[in-house]
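In: Provided below for reference: sequence and predicted model.
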Amino acid sequence: MSIRVLLREYPQRSIALVTPSHALIFRHSPTTNDAIANGSLISVQSPPPRTSVDGAAAPRCMVEFSDVASVDLSDYRTLSPLPVHGTLGLITINNDVFLCVVTGAVKVASVRPGETVEKIYGVEFHCLNSSDYDNTFSDNLDPYSAGEQDYGSNVSRRDPLLEHPCVELQKLLGNGSFYYSTDFDLTNRLQDRSTDASSFDIDNLDSSFLWNSYMISPLLKFRSRLVKREREALDSSGILTSAIRGFVLTITIPSSSAPLRTTRTGLPSSLTLISRLSCRRAGTRFNSRGIDDDGNVANFVESETIYWSPSVVGQSDPSTNEKPSGICFSYAQIRGSVPVFWEQSAGLLPGQQKISITRSAEGTQPAFDKHFTELEQNYGAVHVVNLLSETKPGEAELTNLYRYGVRHSVLNSRDNKHSHDHELLRETEFDFHAETKGPNGYEAASLIRRLIENSADGFAYYLSEEVEDPVEDSNEKPRHRTVVVLQQEGVFRTNCLDCLDRTNLIQTIISQMAIESFLGHREEHAASDFWMRHSSLWADNGDALSRIYAGTGALKSSFTRHGKMSLAGAIADARKSATRLYINNFADKGRQNTIDVLLGRMVGQTPVYLFDPINDYVTSELSKRSSEFQSTQTIRIWAGTFNLNGRTDGIEQDLSSWLCPDLDPSQQNPEIVAVGFQEIVELSPQQIMNSDPTRKQAWERAVRKTLNRHARAAGSEHYVLLRSGQLVGAALCIFVKSSVLKNIKNVEGSVKKTGMSGMAGNKGAVAIRMDYANSQICFVTAHLAAGFANYEERNKDYATIHHGLRFQRNRGIDDHDCVIWIGDFNYRIGLGAERVRQLVKAGDLESLYENDQLNLQMVAGLTFPFYSEARITFNPTYKYDLGSDVYDSSEKARIPAWTDRILRKGTNLRQMSYNCAPLRFSDHRPVYATFQCTVSIIDEARREALSREIYDRRQLEVGGTIASGQNDDTDDEDLLGYDSIEAGLPPASSDKRKWWLDNRQPARSDLKPPQKTLIPNPNRPSNPYTPTDEPDWVTVPRMTKPQQQTTKSVAPPPPNPRNSNSSSTNGTRNAPPPFNPTETAVSTLSKNLAQTSLNNNSTASLPLSASDRRLSTSTISSTSKKAPPPVARKPIHLTSSRSSTSSPTLSAASTFSTSRSPLPSQQKPRPTTADHTGFAPPPRRISGAGPPLGSIYGRRDIEDRREVSTAPPPPQPRRAHRADLNGHAGNGTDEEGPRPTLPPRRPTDLLGDDNTSIGNWVALKPT
């Protein structure tokens, strides 16, 4: 799929990777802080950018993945003219963030049909936060130069104006040693991949072989947070690229040379070799040696030989109409440096590089054990092939340490009399140089065959068949499934000093042995032309791995390629040795640094943090509302176990009494049938080593034939084989109804050996797991240690299987919703033979069960913890005489026992029946159980609709603040959907999103004063942690409300006098009540003040100081820090001229019915005459020391600005004169008539009760 790289410069620099259907857009966030990166949820104002040297700050980028139709790309221009094949990820160098894209790739392999591999030969790095490097790459790169030796040298004829900081990385990634695939998981071997060929799950990538894991990890984390629909769209777009380093090549085998005869004449088969170099201890030859404390070794490579052939003659099954369409063989082996702590200096003399041991044998053992324990978990039993010389002192010392480690390994613990039963590590020492010194030369290396052939037979190989299911409708496309026939159960670990030349030659021989074993089981053989192609493939592999580690091609490759050593080959080896000396001494240091940068191992190097605010929020909301799209469904499961005793005569018998017993109709025709076999082959010394799958396939056909015969009779759909697995004698086959295949995914299999040194494996377990809808189900069949008294050995076998059996992504048996164990567990009844036979005859199963070893061990918690078994209602199933119901009548007279059992675990599992069947061709009786399993079903359509609804709503809330948005003033951090860190607390706030602003409105405080008369003390410091003596609350007594007059002819009375007995908390005067526009107190007070006149007619209006010029409303203070309330309108006769002055008898309601005038600060000054004067009240007084309370409340007092003609002296201290305050001295008349006289008043000052005198204030007579 073609991918374009587009750039937008303004308003922010954004880079988009665009496919025909979707776009992935990146935008750097230069101003956001590192609150998320360091785990803090505190918002801080943008700090200065921190250098990455301190390792604390991760560069952050916003990312968005969306449909092309929903993104405006009109502002973008093409950044790279070259076609792009995907991105390897993001990397930070010198505080700049770079996006790495693959610009050159060529197809080199086709593993199976539809599975291709590309080799990378060109990459580009585009800077997300700067345009300085946009055109620096095309300056000095020669596409025809031998690039594999260039990176790290940094030599150029001329220095460009600005050298791109990623030029060395570009040389490394483009040198032809990196490969990727968009069709399948290239980091895992075939056996560890899902059998569903159509699924490529990025979650299953093996990070130890993923070389761009450091760069791609931010994108993988982003992908994991996407909803399922978008995650699948991102995977199918091919934008994300997973790269391995090593070697991949496919050679096509023409039908004339193919070792298997095919029905499709003319269709070629293919031979592929994939070598994956580990990145955990990556480096160059003399910079990376030995092991580290985590158990990782240098130059660790997994090499997998894969042979695919179209359908094979004679393999179709007429009973089921299934057509095999292909067969696939796979065999893996590994190489790696000697797993001890050692170093080697480069040196200029060949063969004189001194080896130095850096840690004692005892100090090495923990790391040694970590290494081999991980190998055993991943591959099974391990057979070491050590090719070091016994005569060279340095190599001999390494061999001694290696031998010590194997002898003391935890895999070979010998803590009981069964000294060899649990050995999982074996060593073969083969001095390659000594063995090949003779006249036969390198041909003598084939002597290794006889030393390892037993292990090679025991390890077997991986084999799968592609099956084409029949379809009912002719218009429907046939479905293809992969059925696993056999699995590889162990691995060879080969090493020399460098793990290059000698190792590659021996691994070629081991690969040939595995293919010969595969062909031998099918009674086929390969021609010499096939083996020549095989040898050529391995020679190319050796050269490629040698160039990566040592700088040149492999030595001895001439012999590997042609089977003999020529003079030209010897000269070529000498030239390669000289070149290695130069590169190892002068170029490897730079190469090592470049590798460390790529893998993110430099000090202070931090990965980029990617976030998508909207999708992160949607994922969080969906998890909270899962009940809206999730439901349950009950399915039926049949599980059975049968120890066949190696018999084949039962294949033709009727198995219906076991597979289709006469049960309640609700338990018949189950959706899943799990069949476990033990001793499917006779466990003779010859058969123990043989993993021939033909016997298992014969039993599979017999079981399927029986199931489908009953399904047809019941009118139900037919059964298909989902997957099977085999461990020599143990086999597990899972059959499912064809209609439920659509509900099943992620089917995986695994095996675990426990017996015969773990190498030959006559005891062990086979497991198959699956996802049925949204529930995880695991089936395990096991054959545990035999012997009456060996119950502790059986307990140990269970522990080995439980802890050691692993599926993909390191998933264990316990990591499932329900688990069913079926098998021959070999636990016996702890009574004498005669006593047991008597109890069986008497039908006293309770007494037998009380002495059952498995029951006793489970009650004691020593085996199968948390598992349950249904009540046993059938007789012991072992050991019978063949063909009869008589227990063992031979000389051994074995005690009857319930060796064959079925155990379960899971809250969603309910057992319905438990019984045995009367099949008599084996010395065991088959056992079966039926279950009802409640599985979780997700309504994808409902979930998708809910996801889209949440997405659209969130997008409206945050607007255009996404990676492709146009907003340039946003702080990206404000978009993150923070969650509360604890229940009851609000989510964290940021500069723009504050928890105390709900929908942009102030939050309502739930805090209430202790008493009604208390308010928060405004004198307290704003910082609550500042020490202060101020109380939290202060008392402000209120005035009582005045009586409202309803008669317009009489002027309203003045306000009631203040209570003179009230006390103030902090020494201030009592504050007047708050403003209330519905009451008449303000207008009444204003009119009364205006009608109070002075006696001196010649005196003009008084000039007031700024602090004293207050309207009466300014003394009415608020009890909170909100904006002041609206100002009361002045009386009509004060706000207009004489000619338009209204009667002062207007009610308050009519006064406020008119529109409000502007604030005094916005009004023009009005002329004032001597006969029409209003005045503000005298200044307020403080009765005690301290700051005035009113001055704090009245910050925004409104001044009455007037033009004054004279400046009379300020008012004197006043006293209460009854005549002046209770009425006018003269006849109050104006143009509209006489003014009404004021009612009598008590001698009380409006603003205080002090005894100061008014003095010299007289009433004015209106004209």
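Out: That came through, no problem.
In: tell me what residue 17 is bridged to.
Out: Residue 17 has these beta-bridge partners by DSSP bridges: residue 5, residue 24.
In: contacts only, for it.
Out: Residues in contact with residue 17, defined by C-beta atoms under 8 Å, 6 or more residues apart in numbering, are 3, 4, 5, 6, 23, 24, 25, 84, 87, 101, 239. C-beta coordinates here come from the backbone N, C-alpha and C atoms, glycine included.
In: which of these lies closest to residue 404?
Out: Among the contacts of residue 17, residue 87 lies closest to residue 404 (C-beta to C-beta), at 46.9 Å.
In: sticking with the closest residue to the closest one other than its chain neighbours, tell me its helix or strand.
Out: Leaving aside its chain neighbours, residue 87 sits nearest to residue 101 (5.1 Å; criterion: C-beta to C-beta, 6 or more residues apart in numbering). Secondary structure from DSSP states H and E places residue 101 in strand 96-110.
In: surely residue 531 is in a helix?
Out: Yes - secondary structure of residue 531 (DSSP: H, G, I helix; E, B strand; the rest coil): part of a helix.
In: what's the helix or strand for residue 276?
Out: Per DSSP H and E, residue 276 falls inside strand 269-277.
In: report the angle between that strand and strand 96-110.
Out: Inter-element angle recorded for strand 269-277 and strand 96-110: 150 degrees (by axes from the mean of the first three to the mean of the last three C-alpha atoms, to 10 degrees).
In: strand 269-277 - what's its average pLDDT?
Out: When pLDDT is averaged over strand 269-277, the result is 95.
In: that one packs against which elements?
Out: strand 96-110, strand 243-253, strand 301-310, helix 528-549 (3 or more C-beta pairs under 8 Å, 6 or more residues apart in numbering; DSSP states H and E).
In: that one: partners in the sheet, and parallel or antiparallel?
Out: Here, using DSSP bridges, strand 269-277 pairs with strand 243-253 (antiparallel), strand 301-310 (antiparallel).
In: most tightly packed of the helices and strands packed on strand 269-277?
Out: Across the helices and strands packed on strand 269-277, the average number of neighbours (mean count of other C-beta atoms under 10 Å) peaks for strand 301-310, which reaches a mean of 24.
In: what's downstream of that one, the next helix or strand?
Out: Proceeding N to C from strand 301-310, the next assigned helix or strand is strand 323-335, under DSSP H and E.
In: give me the helices and strands touching that following strand, please.
Out: The helices and strands touching strand 323-335, judged by 3+ C-beta pairs under 8 Å, 6+ apart, are strand 301-310, helix 361-379, strand 462-469, strand 490-495, helix 501-521.
In: make CSV out of the contacts of residue 17 and add pLDDT and distance to residue 541.
Out: CSV is the format used below for these (pLDDT from 0 to 100; distance: C-beta to C-beta, whole Å):
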residue, pLDDT, distance to residue 541
3, 92, 31
4, 92, 36
5, 93, 34
6, 93, 39
23, 94, 39
24, 94, 35
25, 93, 40
84, 91, 29
87, 93, 28
101, 95, 28
239, 91, 30
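In: which among those residues gets closest to residue 281?
Out: Nearest to residue 281 among those: residue 87, at 26.3 Å, using C-beta to C-beta.
In: which helices and strands does the strand holding residue 101 pack with?
Out: strand 87-93, strand 116-127, strand 178-180, strand 243-253, strand 269-277.
In: format those as JSON lines; extra columns: distance to residue 427.
Out: Shown next, in JSON lines, are those (distance: least, C-beta to C-beta, whole Å):
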{"stretch": "strand 87-93", "distance to residue 427": "39"}
{"stretch": "strand 116-127", "distance to residue 427": "34"}
{"stretch": "strand 178-180", "distance to residue 427": "33"}
{"stretch": "strand 243-253", "distance to residue 427": "26"}
{"stretch": "strand 269-277", "distance to residue 427": "23"}
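In: on that earlier part again, report the backbone C-alpha coordinates of the strand holding residue 101 in CSV.
Out: In CSV, the C-alpha atoms belonging to strand 96-110 read as follows (Å, rounded to 0.1, in the frame of the first residue of the first chain):
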residue,chain,number,x,y,z
ASP,A,96,15.1,17.0,18.3
VAL,A,97,12.4,14.5,17.5
PHE,A,98,12.7,12.5,14.2
LEU,A,99,10.3,10.3,12.4
CYS,A,100,12.0,7.4,10.6
VAL,A,101,10.3,6.1,7.4
VAL,A,102,11.4,3.3,5.1
THR,A,103,12.0,4.6,1.6
GLY,A,104,13.6,1.6,-0.1
ALA,A,105,12.7,-2.1,0.2
VAL,A,106,12.9,-5.1,-2.0
LYS,A,107,11.1,-8.5,-1.6
VAL,A,108,13.4,-11.3,-0.7
ALA,A,109,11.3,-14.1,0.7
SER,A,110,7.9,-15.7,0.5
